[in-house]
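Asks: Could you work out the structure for the sequence below:
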Amino acid sequence: MIPPVSAVRRALLSALAATALAPALATAQSPEKFVFLTNWYAQAEHGGFYQALAEGTYKRVGLDADIRMGGPQVNVMQLLLAGKADAVMGYDLQTVAAVEQGLPVVTIGTVFQKDPAALIAHPDVKRFEDLKSRTLLIGQASETTFWPWIKAKYGFTDAQKRPYAFSVQQFLADPKIAQQGYATSEPYSIEKGGVKPVVFLLADLGYPPYAQTIVTTRAVLDKRRDALTRFLQATAEGWKSYLANPAPGNALIRKANPEMEEALLAFGVAKMKQFGLVTGADAAKQGILSMTDARWKSTFEFMVSAGLAKSDTDYRKAYTLDLVNAVKVVP
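Replies: This is a model prediction of the structure:
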């Protein structure tokens, strides 16, 4: 049956209108640029971001994500405040300190439910308390993070502390030495050196901070709240996928950081699973990247007790739960 002339005319006009609107629609649907800066060279601990990039998850939520590496000479907070990134990888203690100084930064989610910081000992050490009789290699930066907590809770002393040179050679050479490190990396180098270490994850002993947090500025939060929420959603999905099959993310990690070993990537993934860094604690029920008021309160109370923050600091300005509560990617 041939349609009436009026119907043909309407269809033709609709087609012409659609053709005219096509460029505008394409522009409206173009992915938004979004720059995220990590805290170090690309590694397994950043895997979920690279996975979301590799699998097109950011593009699916309308973002043209640019994941950029940090490093020893990169001040991510400074770059964030200068508007060079939409969000960066941060740390609770750093963000609370920044808020105390009046800087407009805010945490919107966290990758690690547990800080991966650990004390690593030789296999004859059975209890954490036994480390009170050992020489401990502790980095300078740790004196304003976990070291005050360890001293207050377990009675360790500055007299037993020696500088940590970010090498496992001293540890391997002296069985009476224990050292700091990340549970996801230093034990790998120690095992390669012929020692099966004992790893005491400080978070499992009560050390409260999150780690690998996602931090933005108040200005970006006000202007790009929807984009930030979509970034969190895609990142959470990326982490769930990465822990299930890290191959796509690892390919991009090694492209960004060619010196990264495949074996170290595998070790990092295994340890993140073992310790529940990404999927444990509140994330197990509330979803990946989740945070709680209670944890932030606990971290702030530790900071005050250790002299790392003033008691009248409004630490609640350091985070918001609004965005991450809308993301429900349960492991």
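Asks: okay, and for the stretch 1-150 of the chain, where does confidence drop off?
Replies: 1-29 (pLDDT under 70).
Asks: give me the number of residues near the residue nearest to Met303 when sequence neighbours are not counted?
Replies: With sequence-adjacent residues excluded and distances taken as C-beta to C-beta, 6 or more residues apart in numbering, Met303 is closest to Ala309, at 3.8 Å. The way it works is simple: take the backbone N, C-alpha and C, and place the C-beta from them, glycine included. By other C-beta atoms under 10 Å, the residues close to Ala309 number 21.
Asks: ditto for Ala284
Replies: 14.
Asks: can you pull the contacts of it?
Replies: Gly276, Val330, Pro331 (C-beta atoms under 8 Å, 6 or more residues apart in numbering).
Asks: cool, and Tyr210?
Replies: For Tyr210, the contact set (C-beta under 8 Å, 6+ apart) comprises Tyr91, Asp92, Thr110, Phe112, Gln113, Lys114, Asp115, Met291, Arg295, Thr299.
Asks: pLDDT score assigned to the closest residue to the fifth one other than its chain neighbours?
Replies: Right, the one you point to is Gln113. Distances taken as C-beta to C-beta, 6+ apart put Ala281 closest to Gln113, at 3.8 Å, once the chain neighbours are dropped. Looking at Ala281, its pLDDT is 94.
Asks: give me the element Ala281 is part of.
Replies: If you go by DSSP states H and E, Ala281 is not part of any helix or strand.
Asks: hmm, back to that, correct me, but the residue nearest to Met303 touches Val96?
Replies: Yes. Using C-beta atoms under 8 Å, Ala309 is in contact with Val96, at 5.6 Å.
Asks: can you list residues touching both of the two?
Replies: With C-beta under 8 Å, 6+ apart, Ala309 and Val96 have common neighbours Phe300, Met303, Tyr315.
Asks: out of those residues, who's nearest Gln140?
Replies: Among those, Met303 lies closest to Gln140 (C-beta to C-beta), at 18.0 Å.
Asks: count of residues packed around the closest one?
Replies: Residues near Met303, counting by other C-beta under 10 Å, number 26.
Asks: before we move on, what SS does it have?
Replies: Classification of Met303 using DSSP: H, G, I helix; E, B strand; the rest coil returns helix.
Asks: Next up, the contacts around it.
Replies: By C-beta under 8 Å, 6+ apart, the contact list for Met303 reads Leu93, Val96, Ala309, Tyr315.
Asks: so what's the first one up against?
Replies: It refers to Leu93. Contacts of Leu93 (C-beta under 8 Å, 6+ apart): Thr144, Thr145, Pro209, Thr299, Met303, Leu308.
Asks: I'd assumed it was in a helix, is it?
Replies: Yes. Read with three-state DSSP, Leu93 is one of the residues of a helix.
Asks: Which residue ranges of the stretch 1-150 of the chain form strands?
Replies: 32-37, 63-68, 87-90, 105-112, 117-121, 135-138 (DSSP state E, counting those that start in this stretch).
Asks: closest one to Asn325 among the ones you listed?
Replies: That would be strand 105-112 among those, by C-beta to C-beta, at 9.8 Å.
Asks: So the residue nearest to Met303 versus Phe300, what's the distance?
Replies: Remark: distance between Ala309 and Phe300 (C-beta to C-beta, to the nearest Å) = 6 Å.
Asks: Need the overlap of contacts for those two.
Replies: Listed contacts common to Ala309 and Phe300 are Val96, Tyr315; contacts here mean C-beta under 8 Å, 6+ apart.
Asks: hey, where'd the helices end up in this protein?
Replies: 5-28, 47-54, 57-60, 76-81, 92-100, 146-154, 169-173, 186-192, 218-223, 225-244, 247-256, 262-275, 283-286, 293-305 (DSSP state H).
Asks: The ones you listed: which one's closest to Asn325?
Replies: It is, among the helices of the chain and with distance given as C-beta to C-beta, helix 283-286, at 8.2 Å.
Asks: can I get the CA coordinates of the closest one in CSV?
Replies: Only the C-alpha atoms of helix 283-286 are listed here, as CSV (Å, rounded to 0.1, in the frame of the first residue of the first chain):
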residue,chain,number,x,y,z
ALA,A,283,33.0,-1.9,50.4
ALA,A,284,31.9,-5.5,50.8
LYS,A,285,28.3,-4.4,51.5
GLN,A,286,28.1,-0.8,50.4
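Asks: Begin at 45, not 1, for the rest of this chat.
Replies: I'll keep to 45 as the first residue from here, and by that count the last item is helix 327-330.
Asks: Quick one: distance of it to the chain centre.
Replies: Distance of helix 327-330 from its chain centroid, counting by C-alpha atoms, centre = their mean, to the nearest Å, is 16 Å.
Asks: And it, what's buried?
Replies: Neighbour counts over helix 327-330 (16 or more other C-beta atoms under 10 Å) mark Ala327, Gln330 as buried.
Asks: Check stretch 105-116 too.
Replies: Here stretch 105-116 shows Val105, Leu107, Ala109, Ile111, Arg112, Met113, Gly114 as buried, counting by 16+ other C-beta under 10 Å.
Asks: And the contacts of it?
Replies: With contact meaning C-beta under 8 Å, 6+ apart, stretch 105-116 is reached by 73-86, 90, 93-94, 96-97, 102-103, 120, 129, 132-133, 271, 274-275, 277-278, 300-301.
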